[in-house]
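Chemist: Here's a sequence, model it:
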Amino acid sequence: MRYSVFAGGKRIRPILCLETARIFVENVAPAHYPACATEFIHTYSLIHDDLPALDNDDLRRGKPTNHKKFGEAAAILAGDALLTLAFETLAATPVDAARRVAIISEISTAAGTINGMVGGQVADLEAERKRITPEMLEYIHRSKTAALIRASITSGALCAGATPEDVGRLRNFGESLGLLFQVTDDILDVEETSAALGKTAGKDAAQQKATYPAVHGLERSHQIANELAAKAIAELTPYANRAARLCEIAEYLVQRRA
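Modeler: Purely as a prediction, here's the structure:
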């Protein structure tokens, strides 16, 4: 568990959780709980994604994947344990019971099946080696990747006592930002090297995955990424300078090369 959690990575989900909470409060200590929980869930998903039965990858965050280091059985159990630890952590979030339940609901839905991460991964598997519509591609990415990113943002807002209107606005921000993250990821799989990415480049094309470059081409994929960034940043207008870090993150996700 420690090997994969501390292997590196961008920590984008916990950062988004904490920076969203910081819009509303100075003391963001309670938000460390959902911030850690979303990173545990994300890491478990990577461990399981890399297994031979799924993406069958040898490299993650520039290191051997968990099952290459410890064997498949230990890797499966490490992923299971991280998912369980995530909800143990959420249950200890030091906010009132109603907000704690709302946070658990947001994150469990995002990690689950209908419009959630696992459901998106199933749809992604089913779409391999098939011609799919742009609408189906967007559903896969919104579920597989954007849902947990969105939940990291809304859980930060809920931790900080944001109003339902604010939570709704930030949910919209998270939807666009999460989809932007995956569109950029698809682009980088085509344009960057394994050394730059810390994982196997060109894997999507080799496995005939449903990706934005495969469906829309690279040029249009770059345009879509820029449109999503602009849409996400527009949702933050009411918060002015309080949301400056979140705006910077959206801009970074368009420009990132790893």
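Chemist: I'd like to know how many residues surround N226.
Modeler: For N226, the number of neighbouring residues by other Cβ atoms under 10 Å comes to 13. Where C-beta positions appear, they are placed from N, C-alpha and C, glycine not excepted.
Chemist: what's the answer for E126, then?
Modeler: For E126, the neighbour count with other Cβ under 10 Å is 12.
Chemist: again, but for the one 4 residues further on
Modeler: A count of nearby residues for K130, using other Cβ under 10 Å, gives 9.
Chemist: can you check G202 too?
Modeler: Residue crowding around G202 was assessed by other Cβ under 10 Å; the count is 13.
Chemist: In contact with it: list those residues for me.
Modeler: With contacts taken as Cβ atoms under 8 Å, 6 or more residues apart in numbering, G202 has the following neighbours: D189, V190.
Chemist: List the buried residues of the host helix or strand of I249.
Modeler: In this structure, I249 is located in helix 244-255 according to DSSP states H and E. By neighbour count with 16 or more other Cβ atoms under 10 Å, helix 244-255 contains the buried residues L246, C247, I249, A250, L253, V254.
Chemist: In a markdown table, list those residues along with pLDDT and distance to D57.
Modeler: Compiled in a markdown table, the buried residues of helix 244-255 are given as follows (pLDDT from 0 to 100; distance: Cβ to Cβ, whole Å):
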| residue | pLDDT | distance to D57 |
| --- | --- | --- |
| L246 | 97 | 31 |
| C247 | 97 | 33 |
| I249 | 96 | 26 |
| A250 | 96 | 28 |
| L253 | 92 | 22 |
| V254 | 90 | 26 |
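Chemist: burial of F87, as a residue count?
Modeler: Counted by other Cβ under 10 Å, the residues lying close to F87 total 16.
Chemist: Alpha carbons only: can I get the helix holding I249 in PDB?
Modeler: What follows is the C-alpha trace of helix 244-255 in PDB, where atoms were taken according to Å, rounded to 0.1, in the frame of the first residue of the first chain:
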ATOM      1  CA  ALA A 244      -6.800  31.800  -8.200                       C
ATOM      2  CA  ARG A 245      -5.100  28.500  -7.400                       C
ATOM      3  CA  LEU A 246      -7.900  26.500  -9.000                       C
ATOM      4  CA  CYS A 247      -7.700  28.700 -12.100                       C
ATOM      5  CA  GLU A 248      -4.000  28.000 -12.300                       C
ATOM      6  CA  ILE A 249      -4.600  24.300 -12.000                       C
ATOM      7  CA  ALA A 250      -7.000  24.400 -14.900                       C
ATOM      8  CA  GLU A 251      -4.400  26.200 -17.000                       C
ATOM      9  CA  TYR A 252      -1.700  23.800 -15.900                       C
ATOM     10  CA  LEU A 253      -3.800  20.800 -17.000                       C
ATOM     11  CA  VAL A 254      -3.900  22.100 -20.600                       C
ATOM     12  CA  GLN A 255      -0.200  22.700 -20.700                       C
END
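Chemist: No further queries at this time; thank you.
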